[in-house]
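S.K.: All I have is the shape, not the residue letters:
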């Protein structure tokens, strides 16, 4: 039997029992560690990547290439957001610079994983799930070709936010027909990780005024639909993080994503969302550690 995630809200707190990730109205309750806010260069997690066996003098260098024809404004904004991400990821002392059509990043210690992660585009979209009958033949064809098994390591389908598409939740091994985006990354004002009630790590989203209005409207509409058209997929760089069911309108401008996150995964996800999507797609070239 297929397991569905649920979306519900009350005035202050929500308690929903389901398998997998949940999207709920943010609760004012938390337990355990203090929330880890990630809103820019001023907030960071403890430095990582300098564990046993890595000399204190070691440095990691990564090279990223940009799409051909990237303008100066987009290049400057990409560098700015990479610096914000580096700070949020705890890469103290990182140096990020543009050199023509490439960007280089240097960080202390063995920072290989972090320097790869900060290059993610981090394009966040909320897409309604479509029924088979509501999808176009092209989208149904793309859906049929998707391999969403956890071990497939496939790449997400190229997509445009205003167009329907198909996507995978590889953690659950499920695939979805997805409608045009109803909420985009710029509708999210900030994100932070925290240990939520029940001991699960979560990512709290705070919407802009415009995003709050859109979120309330779309969740009200979806709550009146039957499965699977009452599901709202949270999509990052083409991959479905979760596709919870909506039971009622969620107002108040906040939502929470919970699931099988580790602390570090929640922290990293919040950092990517808070910094905003990169204006250009980066390709990670060489990543080397000088010991």
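M.R.: Noted; the coordinates are in hand. Small disclaimer: the values here were computed from a predicted structure and weren't measured. Numbers count the residues shown, from 1 in each chain.
S.K.: where does the chain have low pLDDT?
M.R.: Counting by pLDDT under 70, the ranges of the chain that qualify are 1-56, 153, 259.
S.K.: in it, which spans are helices?
M.R.: 72-88, 112-117, 137-145, 209-222, 263-275 (DSSP state H).
S.K.: ok, now which ones touch residue 119?
M.R.: 62, 64, 82, 278, 282, 284 (Cβ atoms under 8 Å, 6 or more residues apart in numbering). Where C-beta positions appear, they are placed from N, C-alpha and C, glycine not excepted.
S.K.: Pick the most buried one from the helices of the chain.
M.R.: Highest mean neighbour count among these (mean count of other Cβ atoms under 10 Å): helix 263-275, with a mean of 23.
S.K.: what's the neighbour count on residue 229?
M.R.: 18 (other Cβ atoms under 10 Å).
S.K.: pretty sure it is touching residue 130, no?
M.R.: Yes - with contact defined as Cβ atoms under 8 Å, residue 229 counts as touching residue 130 (6.9 Å).
S.K.: which non-adjacent residue is nearest residue 257?
M.R.: residue 203 (4.7 Å; Cβ to Cβ, 6 or more residues apart in numbering).
S.K.: and the one you found, bridged to which residues?
M.R.: residue 193, residue 257 (DSSP bridges).
S.K.: Could you pull up the residues touching the residue most central in space within the chain?
M.R.: For the chain, the residue nearest the mean C-alpha position is residue 236 (4.6 Å; Cα atoms, centre = their mean). Contacts for residue 236 (Cβ under 8 Å, 6+ apart) come out as 122, 123, 124, 125, 269, 272, 273.
S.K.: Farthest-apart pair in those residues, please.
M.R.: Greatest spatial distance among the contacts of residue 236 (Cβ to Cβ): 125 and 269, at 14.4 Å.
S.K.: Turn the helices of the chain into a markdown table, columns for distance to residue 96.
M.R.: Output for the helices of the chain, formatted as a markdown table (distance: least, Cβ to Cβ, whole Å):
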| stretch | distance to residue 96 |
| --- | --- |
| helix 72-88 | 5 |
| helix 112-117 | 10 |
| helix 137-145 | 36 |
| helix 209-222 | 29 |
| helix 263-275 | 13 |
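S.K.: I'd say residue 233 and residue 243 touch.
M.R.: Yes - under the criterion of Cβ under 8 Å, residue 233 makes contact with residue 243 at 4.1 Å.
S.K.: what do those two both touch?
M.R.: 129, 176.
S.K.: count of neighbours near residue 68?
M.R.: 6.
S.K.: ok, it to residue 283 distance?
M.R.: 11 Å (Cβ to Cβ, to the nearest Å).
S.K.: repeat for residue 274
M.R.: From residue 274 to residue 283 the distance is 23 Å (Cβ to Cβ).
S.K.: can you check residue 221 too?
M.R.: For residue 221 relative to residue 283 (Cβ to Cβ), the value is 38 Å.
S.K.: next one: residue 106
M.R.: 18 Å.
S.K.: Who has more neighbours out of the two?
M.R.: Between residue 106 and residue 283, counted using other Cβ under 10 Å, residue 106 has the larger neighbour count: 17 against 11.
S.K.: what pairs with that one across the strands?
M.R.: When assigned by DSSP bridges, residue 106 has beta-bridge partners residue 61, residue 95.
S.K.: which residues does it contact?
M.R.: Residue 106 touches 59, 60, 61, 62, 94, 95, 96, counting by Cβ under 8 Å, 6+ apart.
S.K.: Count the neighbours of the fourth one for me.
M.R.: Read it as residue 62. Neighbours around residue 62, by other Cβ under 10 Å: 24.
S.K.: Quick check: it touching residue 115?
M.R.: Yes - the criterion here is Cβ under 8 Å, and residue 62 meets it with residue 115 at 4.0 Å.
S.K.: Overlap in contacts, these two.
M.R.: Common neighbours of residue 62 and residue 115 (Cβ under 8 Å, 6+ apart) are 105, 287.
S.K.: Buried by neighbour count: which residues of stretch 192-202 qualify?
M.R.: 192, 193, 194, 195, 196, 197, 200, 201, 202 (16 or more other Cβ atoms under 10 Å).
S.K.: Quick one: end-to-end length of that stretch, please.
M.R.: 8 Å (Cα to Cα, to the nearest Å).
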